[in-house]
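>>> Just the structure for this:
(chains A and B)
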2 protein chains.
Amino acid sequence: MLYQQYPSVLLENAVSEFSKLPGIGRKSALRLVLHLLKQNEEEVELFGNTLIRLKKEIKHCKVCHNIADTDICDICSNTNRDAGIVCVVENIKDVMSIENTQQYKGLYHVLGGIISPMDGIGPADLEIDSLVKRVEKGIVSEIILALSPTMEGDTTNFYIFRKIASFPIKITTIARGISIGDELEYADEVTLGRSIVNRVQFTDSYNKKH
Amino acid sequence: MLYQQYPSVLLENAVSEFSKLPGIGRKSALRLVLHLLKQNEEEVELFGNTLIRLKKEIKHCKVCHNIADTDICDICSNTNRDAGIVCVVENIKDVMSIENTQQYKGLYHVLGGIISPMDGIGPADLEIDSLVKRVEKGIVSEIILALSPTMEGDTTNFYIFRKIASFPIKITTIARGISIGDELEYADEVTLGRSIVNRVQFTDSYNKKH
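Sure thing, here's the model as predicted:
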């Protein structure tokens, strides 16, 4: 291109930074930057400083590795929750999703990823050793494996299972089945098959709850 | 909701800031924030500071009101460009679009919006007086009105026209017609009608150029 595309280096830098974010191309980035340019200086400063503070000051809970503002997160330090049950999840978003269901009263353990040789992520990159140490303490009576039903998730499930199978605890995994509201004819075969094999007793309370 | 949705106030603040941007909801904002959390502290600091610097240090060209790093923008200070032709556009993006065509060698005048009573934008909110002052200096021989073909654009065109019609200059507007590559049968009637009324001489060079 003969002409420079941006009339300002400051503008170009801001567009470059935004377009590093996932799902944001240079056109969207420009739109966002021009929007920010229309705001007050204080508002843009708040935006920038909020991000800088976020990265500088955020902590990871020393127990479950969820993000937190304190050394021990609100969930782990909540004495009303059942410390005997630990739900193992891939990331912070999964904690938020399960919390939003309001169906779970136990604690969590955030692995920080799943085993994925393709992406160069091995067991040592994840919080698996710290999970084993939690189990060793003897307070945990049940581990719920709540990873995605993908090959990587299954591999990670199996790896964790082998590490903790010798402890006198219950090891469970979240139920797989037809999503509520889904049409049976559009469900994939594997899910449908599993949902028949793992069928549950029909009760009125089941229907009321869901 | 019984439970707090975010495990950290810092995280929540960052999500709130991102979701103020146009087209970014709280879910996308969370995805962007979690992506930033995975980056180095230096990278996030660069992101934040780039935005703060952008707003603090960016200038508007004193001649054409385009954004710039200097008092006079690169286009206005480029002596190879024709200072006799001024193309009037709504905003900075329009300058970039026209520059990218590489077909225009004159200067610009960025209004900073168009007259829109619905949004409370009147002529006084736009850089129309400064345009009249540019014309008064006697260097400009042609004003190209390049606003969007909307009611607001037409209103603004007409308002500017009345302000500068008494000066001995050519006042033109960008050609309206069927977009190159468009099917005739899908063109709207007004555009098709205008493109017939404003038909141009067919030449070989026209075809070669486009």
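>>> Low-confidence stretches in chain A?
Flagging of chain A using pLDDT under 70 yields the residue ranges A:1-4, A:202-210.
>>> near chain B at all, the longest helix along chain A?
The helix that spans the most residues within chain A, counting by DSSP state H, is helix A:41-57. Yes. When contact is scored as CB under 8 Å from any CB of the partner chain, part of helix A:41-57 falls within range of chain B: A:41, A:44-57. No exception for glycine: its C-beta is placed from N, CA and C like everyone else's.
>>> Show me which of these are buried.
When those are checked for burial by 16 or more other CB atoms under 10 Å in any protein chain shown, the buried set is A:V44, A:E45, A:L46, A:F47, A:G48, A:N49, A:T50, A:L51, A:I52, A:L54, A:K55.
>>> ok, back up a step: using CSV, write down the CA coordinates of the longest helix of chain A.
The C-alpha trace of helix A:41-57 is given here as CSV (Å, rounded to 0.1, in the frame of the first residue of the first chain):
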residue,chain,number,x,y,z
GLU,A,41,-10.0,11.2,29.1
GLU,A,42,-10.9,10.0,32.6
GLU,A,43,-13.0,7.2,31.2
VAL,A,44,-10.3,6.0,28.9
GLU,A,45,-7.8,6.2,31.8
LEU,A,46,-10.1,4.2,34.0
PHE,A,47,-10.3,1.6,31.2
GLY,A,48,-6.5,1.3,30.8
ASN,A,49,-5.8,1.3,34.5
THR,A,50,-8.5,-1.3,35.3
LEU,A,51,-6.7,-3.7,32.9
ILE,A,52,-3.3,-2.9,34.4
ARG,A,53,-4.6,-3.4,38.0
LEU,A,54,-6.4,-6.6,37.0
LYS,A,55,-3.2,-8.3,35.9
LYS,A,56,-1.0,-6.8,38.6
GLU,A,57,-3.2,-7.4,41.6
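>>> What is the distance between the helix or strand just after that helix and the centre of its chain?
Moving toward the C-terminus from helix A:41-57, the first helix or strand encountered (DSSP states H and E) is strand A:59-60. Averaged C-alpha coordinates place strand A:59-60 at 15 Å from its chain's average position (CA atoms, centre = their mean, to the nearest Å).
>>> Tell me how far stretch A:16-34 lies from the chain's centre.
Taking the mean C-alpha point of stretch A:16-34 and that of its whole chain, the gap between them comes to 25 Å (CA atoms, centre = their mean).
>>> Next, the buried residues of it.
Counting neighbours by 16+ other CB under 10 Å, stretch A:16-34 gives A:E17, A:F18, A:S19, A:L21, A:I24, A:S28, A:A29, A:L30, A:R31, A:L32, A:V33, A:L34 as buried.
>>> Which pair of those residues spans the longest distance?
A:L21 and A:L34 (16.1 Å; CB to CB).
>>> neighbours around A:D119, how many?
By other CB atoms under 10 Å in any protein chain shown, 11 other residues sit near A:D119.
>>> Equivalent analysis for A:C64, please.
A:C64: 25 surrounding residues under other CB under 10 Å.
>>> For the residue positioned nearest the centre of chain A, give its distance to chain B.
Centroid-nearest residue in chain A, with CA atoms, centre = their mean: A:N91, separated by 2.6 Å. Applying CB to the nearest CB, to the nearest Å, one obtains 8 Å for the distance of A:N91 from chain B.
>>> Over to A:V132?
As defined by CB to the nearest CB, A:V132 lies at a distance of 23 Å from chain B.
>>> which strands and helices sit next to whichever strand or helix holds that residue?
Using DSSP H and E, the secondary-structure element containing A:V132 is helix A:129-136. Contact here means 3 or more CB pairs under 8 Å, 6 or more residues apart in numbering or on different chains; DSSP states H and E; on that basis helix A:129-136 packs against strand A:82-89, strand A:106-110, helix A:151-164.
>>> Output the contacting helices and strands for the longest helix of chain A.
Contact partners of helix A:41-57 among helices and strands, from 3+ CB pairs under 8 Å, 6+ apart: helix B:9-18, helix B:26-38, helix B:41-57.
>>> what's the domain layout of chain A?
When chain A is parsed with automatic domain parsing, its domains come out as A:9-57, A:83-174, A:176-210.
>>> OK, contacts around A:C87?
Taking CB atoms under 8 Å, 6 or more residues apart in numbering or on different chains as the definition of contact, the neighbours of A:C87 are A:I98, A:Y104, A:G106, A:L107, A:Y108, A:H109, A:I144, A:A146.
>>> Look up the closest residue to the fifth one, ignoring the ones flanking it.
Closest residue in space to A:Y108, ignoring its immediate chain neighbours: A:C64 at 4.7 Å, by CB to CB, 6 or more residues apart in numbering or on different chains.
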